[in-house]
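Chemist: Got a predicted structure here, sequence first:
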Amino acid sequence: MNITAAYTDLYQLTMAQVYFRTKPKGRAVFDYYFRHNPFDGGYSIFAGLEDVLHILETLTFSASDIAYLEQHGFEAEFLDYLKNFQFQGTIYSSREGDVVFPNRPILQVEANIIEAQIIETLLLNLLNFQTLIATKASRIRYSAENGVLLDMGLRRAHATGGYYASRAAAIGGFDSTSNVKAADDYNIPSSGTMAHSFIQSYEDELQAFRDFAQWRPINCVLLVDTYSTLKSGLPNAITVAKEMEHRGDRLLGVRLDSGDLAYLSKKTRILLDEAGLSYVKIVASNQLDEFVIKSLKEQGAPIDIFGVGTNLVTGKPDAAIDGVYKLSEFNGEPRIKLSENIIKVSLPYKKQVYRMLDENGMFYGADAVALFKEEQVGEMEHPFDITKSLDLNRFNHEALLEKVMEHGKKVNPTRSVTEIARYSKSRLEKLPEEYKRFDNPHIYKIGLSIKLKQERDALVLKHKF
Ligand SMILES: Nc1ncnc2c1ncn2[C@@H]1O[C@H](COP(=O)(O)OP(=O)(O)OP(=O)(O)O)[C@@H](O)[C@H]1O
Ligand SMILES: O=P(O)(O)OC[C@H]1O[C@H](OP(=O)(O)OP(=O)(O)O)[C@H](O)[C@@H]1O
Ligand SMILES: O=C(O)c1cccnc1
């Protein structure tokens, strides 16, 4: 998608014009974080970072963007500034694919306030969506255990969001996608089967299977439920699989797309095995999600490959993740946003986040947020409950925010989707099981260093009415 700097909300530009007149050199720090894990889950998977950095490196206003803004009342000198717009800020971020939690900075932008404001919408748009979908994908991966996962959601996605959904799905643990464009651009394996229309276009299901197997024998999967899975589709698929064997080919699988998938997959496995086709795999699809797949596993359904569409790429049942971008420092001075809801009070200053590790290198279950310049953080306190604190001296810890962009240029070479997915898997392996379960997962602790809490509380008092 060709994204230009006008991929933003109008109010960013309106504010930018005023900053341009009043504080053109203002230096801002903004925090990106969200307030709740999606799906009532115990964690989230951070995704979308490489896309954001890649776009920021070359982000400009096009001639037609400038013409549009000219027609909508923006002044000439400001438009001249926008003609030369380039993001020149510095970004610290969690690594893409990491396991992240609510109410702690995941990414921080340090930049001229005009630049930081103009990129807000783009950044939130890409990070919120991909984090939602990568998290959904990782839950589906959790249920599917070692099963193969195929993303088939593009047709049901929210328009071009399907492009980024396929990328995020791969980060969360999907093995391949039916989405050819995303597969090509992001180097994700592509795969697929056949549609009902192919079979319907023939008078005879057997002939449809024969033609398909003859002309596309590699990775051939036959869809067996167009008329009757057990009475027609499966016997015809077995006939064709045997014919393929005579030609030295092998049928990869059969796909079940309706009915009771546990019952049908068990019957299918028995019939395939009886026919000497134990190598033929069973693919299942039809409104799958993490809960249906979990149930199928519990019922002992011998499904090898799960095709998941709608529920994955739309992040059902959560339409969005509530990620926000809040000003925490301006020209070196702390900034805070108060709220009636105590959980929504923002954290001032540039910060670092430390993850506590237990003696086996597993995540202990606590991240401490501290001022960036603090050298030692010996204790973290609950953000609001004065009775709760944790001595951190006994833990090994790791700093989670690393510099990923400096003066508008990426610091590291681009990490591939495969590399990010591998990293995500290794991080999830360090997260104890109790945070991964779907029902009432354990709550991961987020605490504040004593100094950060003091700074926040002093600012709360300063702005109190
Ligand atoms: N054994 C099972 N246990 C739990 N859920 C299942 C099982 N078999 C199928 N499902 C799920 O139940 C839902 C059934 O949906 P629906 O009633 O629309 O399917 P269908 O009538 O079989 O299919 P279609 O309408 O495409 O012919 C799907 O989400 C499917 O994945
Ligand atoms: O159920 P989902 O998780 O969204 O998975 C994608 C669905 O899309 C296809 O159906 P569709 O009816 O669009 O096309 P078809 O005629 O090829 O089955 C496919 O057969 C799956 O059922
Ligand atoms: O390859 C498939 O089987 C497929 C792809 C997209 C949607 N439904 C099915």
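Modeler: Here it is on my side, so go on. Residues are numbered from 1 along each chain as shown. Ligands and ions are numbered 1, 2, ... in the order given.
Chemist: After the strand or helix carrying Arg141, which helix or strand is next?
Modeler: Here Arg141 sits within helix 120-144, counting by DSSP states H and E. Where DSSP H and E defines the elements, the next helix or strand beyond helix 120-144 is strand 148-151.
Chemist: Outside of that following strand itself, list whatever touches it.
Modeler: Strand 148-151 is contacted by residues 137, 140-141, 165-166, 169-170, 173-179, 191-192, 283, 304-309, 312-313 when judged by C-beta atoms under 8 Å, 6 or more residues apart in numbering. For glycine as for every other residue, the C-beta is placed from the backbone atoms N, C-alpha and C.
Chemist: Would you mind writing the CA trace of it as PDB?
Modeler: Taking Å, rounded to 0.1, in the frame of the first residue of the first chain, the C-alpha atoms of strand 148-151 are listed here in PDB:
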ATOM      1  CA  VAL A 148      -0.300 -26.900  10.800                       C
ATOM      2  CA  LEU A 149      -2.100 -23.600  10.600                       C
ATOM      3  CA  LEU A 150      -3.200 -22.000   7.300                       C
ATOM      4  CA  ASP A 151      -4.500 -18.400   7.200                       C
END
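Chemist: The residue in the chain that ligand 3 sits nearest to: neighbouring residues, count only.
Modeler: With C-beta to the nearest ligand atom as the measure, Gly192 is the residue of the chain nearest to ligand 3, at 2.9 Å. By other C-beta atoms under 10 Å, 16 other residues sit near Gly192.
Chemist: same deal with the one 5 residues further on?
Modeler: Residue crowding around Ser197 was assessed by other C-beta under 10 Å; the count is 8.
Chemist: Check the one 5 residues further on too.
Modeler: Look at Tyr202: counted by other C-beta under 10 Å, it has 15 neighbours.
Chemist: Can you name the residues of the stretch 101-250 of the chain sitting close to ligand 3?
Modeler: Residues of the stretch 101-250 of the chain that fall close to ligand 3, judged by C-beta under 6 Å from any ligand atom: Met152, Arg155, Ser178, Gly192, Thr193.
Chemist: of those residues, list those near ligand 2.
Modeler: Within those, those near ligand 2 by C-beta under 6 Å from any ligand atom are Met152, Arg155.
Chemist: about what we covered before: Provide a list of residues in contact with the residue of the chain closest to ligand 3.
Modeler: Counting by C-beta under 8 Å, 6+ apart, Gly192 touches Leu150, Met152, Ser178, Val221.
Chemist: For the residues you listed, give me CSV that also has pLDDT and neighbour count.
Modeler: Output for the contacts of Gly192, formatted as CSV (pLDDT from 0 to 100; neighbours: other C-beta atoms under 10 Å):
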residue, pLDDT, neighbour count
Leu150, 98, 25
Met152, 98, 23
Ser178, 98, 19
Val221, 98, 24
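Chemist: Need those residues in a markdown table (columns: distance to Tyr68).
Modeler: Below are the contacts of Gly192 laid out as a markdown table (distance: C-beta to C-beta, whole Å):
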| residue | distance to Tyr68 |
| --- | --- |
| Leu150 | 41 |
| Met152 | 37 |
| Ser178 | 36 |
| Val221 | 48 |
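Chemist: For the residue in the stretch 51-200 of the chain positioned nearest to ligand 2, which non-adjacent residue is closest in space?
Modeler: Proximity of the stretch 51-200 of the chain to ligand 2 (C-beta to the nearest ligand atom) peaks at Ala195, 3.1 Å away. For Ala195, ignoring the flanking residues on the chain, the nearest one in space by C-beta to C-beta, 6 or more residues apart in numbering is Leu223 at 7.1 Å.
Chemist: which ones are touching whichever residue of the stretch 201-350 of the chain sits closest to ligand 2?
Modeler: Nearest residue of the stretch 201-350 of the chain to ligand 2: Gly309, at 2.7 Å (C-beta to the nearest ligand atom). Gly309 sits next to Asp151, Met152, Gly153, Arg155, Arg156, Ser285 when contact means C-beta under 8 Å, 6+ apart.
Chemist: And it, how close does it get to Pro189?
Modeler: 17 Å (C-beta to C-beta, to the nearest Å).
Chemist: okay, now Phe465: neighbour count?
Modeler: Phe465 sits with 3 neighbouring residues when counted by other C-beta under 10 Å.
Chemist: Quick check, Ile443 in contact with Gly42.
Modeler: Yes: using C-beta atoms under 8 Å, Ile443 is in contact with Gly42, at 7.3 Å.
Chemist: ok so Arg95 is a strand residue?
Modeler: No: residue state for Arg95 (DSSP: H, G, I helix; E, B strand; the rest coil) corresponds to coil; a strand is not indicated.
Chemist: Quick check, it in contact with Glu402.
Modeler: Yes: counting by C-beta under 8 Å, Arg95 touches Glu402, with 6.7 Å between them.
Chemist: So if I had to pick from the two, which one is more boxed in?
Modeler: Taking other C-beta under 10 Å, Arg95 and Glu402 do not tie; Arg95 has more neighbours (18 against 13).
Chemist: who's in contact with that one?
Modeler: Phe46, Leu49, Leu400, Glu402, Tyr423.
Chemist: Closest one of those residues to Ala6?
Modeler: Closest approach between these and Ala6, by C-beta to C-beta: Leu49, at 22.1 Å.
Chemist: Let's see the pLDDT reported for the residue nearest to that closest one when sequence neighbours are not counted.
Modeler: Of all residues not flanking Leu49 in the chain, Glu96 sits nearest, at 3.9 Å (C-beta to C-beta, 6+ apart). With respect to pLDDT, Glu96 has a value of 98.
Chemist: Please parse this protein into its domains.
Modeler: Here the domain parsing of the chain from automatic domain parsing is 10-130+321-463, 134-313.
Chemist: just to revisit the earlier point, Ile443 and Gly42 - which one has more neighbours?
Modeler: Applying other C-beta under 10 Å to Ile443 and Gly42 shows that Gly42 carries more neighbours, namely 22 against 13.
Chemist: what about Tyr163, neighbour count?
Modeler: 18.
Chemist: residues in contact with the nearest residue to it once chain neighbours are set aside?
Modeler: Excluding its sequence neighbours, the residue lying closest to Tyr163 (C-beta to C-beta, 6+ apart) is Ala182, at 5.3 Å. Under the criterion of C-beta under 8 Å, 6+ apart, the neighbours of Ala182 are Leu154, Gly162, Tyr163, Tyr164, Ser166, Arg167, Ile188.
Chemist: What are the buried residues along the helix or strand containing Ala182?
Modeler: Element membership for Ala182 (DSSP H and E) is helix 180-186. Residues Ala182, Ala183, Tyr186 are the ones in helix 180-186 that count as buried (16 or more other C-beta atoms under 10 Å).
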